[in-house]
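Visitor: This is a predicted model, with the sequence first.
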Amino acid sequence: PKRKIVKKAIISRPHNKLNAKNKPENNQVRAVSEFMNYYGLSSYTDILLEGMKRGDLETPARNIFKDTGYEMVILNSINGKVKERYRYLPMIDKKDGSKRYILFWKKPIEIKNFYYGYQGEEIRKLQELLKRVGIYQDMVDGVVGKNTMKALIKYQKACSLNISGYPDKETLFMLYTDAGDIKDGG
């Protein structure tokens, strides 16, 4: 009887160690740690993990951007250019169970105003990007008009982005990537 107990203990120990090493939580921690380290953001690993656990990525995104200038981009899907050029972290969205992809970049332009008739240099750059990816056919004049708005929505649909009609960080990221204007990490 004593021998059987010893055998079971010896057999079960390695099994338990293997389970502990291969727990999904440990794999996730390692993947997030490697991902954050790649971008030089290792000090934010715990903040991102906690946000992922809570289903709130806005708080870590805001803190990381404020401290480093890196924008967190969350995409519904990724194309070949993104796969080739960027380190991304796949994750499951807690809200709807869908797969998402996180990456970081530094935005070359900030578009704070985007409404019909608004004019600015940042709108001119947006129109140039839309034209370079073959979506915008109108004159590049730096004015938000119906064709600029239509082109932006058409692009968001084509890239499986959230269709907001606004040049948000995900839309700008994809435009810059598709136009070939940025490299990995900004």
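Guide: Received it, and whenever you're ready, just let me know what you need. Numbers count the residues shown, from 1 in each chain.
Visitor: for residue 162, what are its contacts?
Guide: Contacts were defined as CB atoms under 8 Å, 6 or more residues apart in numbering; by that measure residue 162 touches 76, 156, 168, 170. For glycine as for every other residue, the C-beta is placed from the backbone atoms N, C-alpha and C.
Visitor: Quick one: buried ones out of those residues?
Guide: Among the contacts of residue 162, the ones that count as buried by 16 or more other CB atoms under 10 Å are 156, 168, 170.
Visitor: Phi, psi for the last one please.
Guide: Pointing back at residue 170 there. Dihedral pair for residue 170: phi -70, psi -40, per degrees, to the nearest 10.
Visitor: thought it was touching residue 71?
Guide: No: using CB atoms under 8 Å, residue 170 is not in contact with residue 71; the gap is 9.3 Å.
Visitor: Please confirm that residue 100 is located within a strand.
Guide: Yes: counting by DSSP: H, G, I helix; E, B strand; the rest coil, residue 100 is located in a strand.
Visitor: Please tell me how far residue 118 sits from residue 50.
Guide: For residue 118, the distance to residue 50 equals 38 Å [CB to CB, to the nearest Å].
Visitor: Specify which residue of the two has the higher count of neighbours.
Guide: Taking other CB atoms under 10 Å, residue 118 and residue 50 do not tie; residue 118 has more neighbours (16 against 12).
Visitor: ok, that one - contacts?
Guide: Shown in contact with residue 118 (CB under 8 Å, 6+ apart): 143-144.
Visitor: and it, how far is that from residue 148?
Guide: To residue 148, residue 118 is 10 Å away according to CB to CB.
Visitor: That's all I had, so thanks and see you.
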